[in-house]
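K.L.:
One predicted model, sequence on top.
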Amino acid sequence: MTTQATGPVDPAELDAALAEAHIPSLMMALVHLTGSTDHLTPARTPTYIPLGDEQGEIPEAERAAVRALARQAILDHANNGKPLPPQPDQATVRKMMDVIVGGEIPQRYATFLMQELGLEGVDADRPQWTESEKQAAADMHVVIIGAGMSGLLTAIRLQQAGVAFTILEKNPDVGGTWFDNSYPGCRVDTPNHLYSFSFEPNHDWPQRYSTQDVLLAYFRRVADKYDLKKHIRFDTSVEEAIWDEASATWTVRTVRADGAHGEVKGTAVVSAVGQLNQPRFPDIPGRDLFEGPSFHSARWRSDVALEGKRVAVIGTGASAFQFVPEIAPKAAKVTVFQRSAPWLAPTENYHEAVGEGKKWLLEHVPFYDKWYRFYLFWTMTDGVYDAVKADPAWNAPDATVSEMNQMLREMLVAAISAQTEGDEILRQAVVPNYPFGGKRALRDNGVWIAALRRDNVELVTKAVKAVTAKGVVTEDGTEHPCDVLIYGTGFQASRFLTPMRIVGKDGVELHEKWNGDARAYLGMTTPGFPNFFMIYGPNTNIVVNGSIIFFSEASVRYIVSCLELLARDNARTIEVKPDVHDAFNAKVDAANALMAWGVEGVSSWYKNDKGRVSQNWPFPLVDYWDATRAPNPKDFVIG
Ligand code: NAP
């Protein structure tokens, strides 16, 4: 963590780096370097406007002045040995927060953001169990299901707490979704400097939104650094987990890739399988009849060459949106079947490399990295949240849910229309007919519509009726012949934890209890299933605000604290109370009904078969952070 200069710097290198600086972050670093806030003038206060630049429209002359001040201060400190002044007090940091975000951060965010900013350079979520808690936890053994981002995180925190664990992973490697999804063009859509563990920053991301191989390498590196692989049973899928009340243990039954069955016992189970790991194939007649290769985007067949082939793609969600532009130049023809158009969020730098200067600043300028992450965090956090909240009094037609939502719609439709100039049919096809926020908006730098406009790409908006031996048939009876059929049709997201069977108290199976409508308290615990926790469980997905890593960090902190409660009380079981669980879900449902994704008429994977939003967190991020600071013992039966 960069809180001190890392040694003498080359002035030429410094100048080149400063040319790439995020000026608002540099201004904050300057406070740490000089102890003065005099340079934080109104003319240098950023104003972030939708679709504006990340410098917050600060005039060029002011940017140059900040660069010059920073240059001097960095050289003074790094090359001339000037020590850092006493660091700003809390009140000053609080003011700096307002300046960097170009507005007034509500007071209720202050504690949360202070920790997120992490100026002390300590990992605030690192468990600090007492010796007696550690001793009491000597017999604890936690079974973690999944070695993706959340499973690795759980393992790290348990290791730090001194609790034994075993990870069961269906794949031969770590990485979860970043292992499963290897389709061409797969990349993250949250800026990487934010989409990384808070305690494992990486100043070296090659791209602002890096590709799948880079993300996978990051998680492999983290697993190695914490020496986690020795705790992981790879190629091992969980079939069922069964609770035994008498011994207060879970028996987790597994099957290996080679067919061998096994079992592991645990005093607690943490499911870290995520929401998006079981491919969903649409219920279209004839799927088995197709004679050529067909596969799901999350099970990409790299052995199937697409060069010169006629490829059909069903779906236009986040995955297809990324791979269609990649495969279009190779294939003879690509036919894209769209049921609903995705919202496109203009992101010019989506595929851009991170300049060497930017990396240099993150690595060398004290506190710059922290403020840059903070800036990303805030602008990604609750910035767009209000625009996806439905105003109950709003009754304008035209697929909007509030005045702000309509304004955003108009802005985004204009950006889409600019790309379809001269092709009104295409324009009509790619402008979504549901409110912004109804589904996850996709980061757009123009390659999607450019791909759709290629001579060898056809966008079909008629509903898919059937698959035949030779292709795809639409509702108008047209057969669209193809050699390869790719399903970009998403995941069985609302069927949480399938295909595992989870049998809790009194032999009750979790899915039977849920009956197609998964619910949990804070996404993590559910009555009747003691010592069983979920990460990225029901109602913890986010649509417009934040990074899912933030949610996982909050959840894991909470889960590990639940285990600490057990150790502290020398207890064996912890189980959420039904009334606490039910009251929480009632609140979630009421709030989701007032979000763009919850309103009637909007359909997506966020809603389950019963029409309830079982995926999304409908509140600001700060509310999840607050709710997961520490478990309230009163919410649980601890025995
Ligand atoms: P998805 O967003 O659920 O998209 C599935 C697509 O298939 C939709 O366009 C859907 O249409 C279409 N579809 C489903 N059944 C169909 C049918 N019978 N006929 C025609 N079309 C059909 O799935 P995904 O693209 O795999 O993405 C899932 C989630 O994964 C994303 O929302 C995101 O959270 C995550 N993801 C993230 C990234 C990233 O960060 N870069 C990349 C990929 C995925 P409708 O919209 O009409 O239902």
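P.N.:
Here it is on my side, so go on.
K.L.:
Where does pLDDT dip in the protein?
P.N.:
1-6, 381-383 (pLDDT under 70).
K.L.:
and the residue in it that the ligand sits nearest to, what is it in contact with?
P.N.:
Nearest to the ligand, among the residues of the chain, is Gly317, at 2.1 Å (Cβ to the nearest ligand atom). Any C-beta I mention is one placed from the backbone N, CA and C, and that applies to glycine too. Taking Cβ atoms under 8 Å, 6 or more residues apart in numbering as the criterion, Gly317 is in contact with Pro342, Lys439, Gly488, Thr489, Gly490.
K.L.:
Arg44 too?
P.N.:
By Cβ under 8 Å, 6+ apart, the neighbours of Arg44 are Ile23, Met27, Ile58, Glu62, Ala65, Val66.
K.L.:
Select from those the one having the most neighbours.
P.N.:
For the contacts of Arg44, neighbours were counted using other Cβ atoms under 10 Å, and Met27 has the most, 27 neighbours in all.
K.L.:
Excluding residues flanking it in the chain, which one is nearest that residue?
P.N.:
In this structure, Met27 finds its nearest non-sequential neighbour in Val66, 5.6 Å apart by Cβ to Cβ, 6 or more residues apart in numbering.
K.L.:
And Gly292, by the same measure?
P.N.:
The spatially closest residue to Gly292, leaving aside those adjacent along the chain, is Asp483, at 4.9 Å (Cβ to Cβ, 6+ apart).
K.L.:
and what of Arg108?
P.N.:
Val622 (6.4 Å).
K.L.:
tell me which residues in the helix or strand containing the one you found are buried?
P.N.:
Assigned by DSSP states H and E, Val622 belongs to helix 621-627. For helix 621-627, burial by neighbour count (16 or more other Cβ atoms under 10 Å) applies to Leu621, Val622, Tyr624, Trp625, Ala627.
K.L.:
what does stretch 422-438 give?
P.N.:
Buried, per 16+ other Cβ under 10 Å, within stretch 422-438: Leu426, Arg427, Ala429, Val430, Val431, Pro432, Tyr434, Pro435, Phe436, Gly437, Gly438.
K.L.:
do stretch 92-99 as well
P.N.:
For stretch 92-99, burial by neighbour count (16+ other Cβ under 10 Å) applies to Val93, Met96, Met97, Val99.
K.L.:
picking that back up, I'd like the list of the contacts of Arg44 that fall within strands, please.
P.N.:
Judged by DSSP state E, the contacts of Arg44 include no members of strands.
K.L.:
Mind splitting this structure into its structural domains?
P.N.:
Using automatic domain parsing, the domains assigned to the chain come out as 11-124+360-381, 131-278+493-638, 287-349+400-487.
K.L.:
among these, which is nearest Ala390?
P.N.:
domain 287-349+400-487 (3.8 Å; Cβ to Cβ).
K.L.:
what's the span of the closest one, first residue to last?
P.N.:
11 Å (Cα to Cα, to the nearest Å).
K.L.:
near the ligand, which residues of the stretch 301-450 of the chain?
P.N.:
Ile314, Gly315, Thr316, Gly317, Ala318, Ser319, Ala320, Gln322, Phe337, Arg339, Ser340, Arg440 (Cβ under 6 Å from any ligand atom).
K.L.:
what about stretch 242-262, distance to the chain center?
P.N.:
30 Å (Cα atoms, centre = their mean, to the nearest Å).
K.L.:
can you give me the end-to-end distance of that stretch?
P.N.:
Stretch 242-262 stretches 14 Å from its first residue to its last (Cα to Cα).
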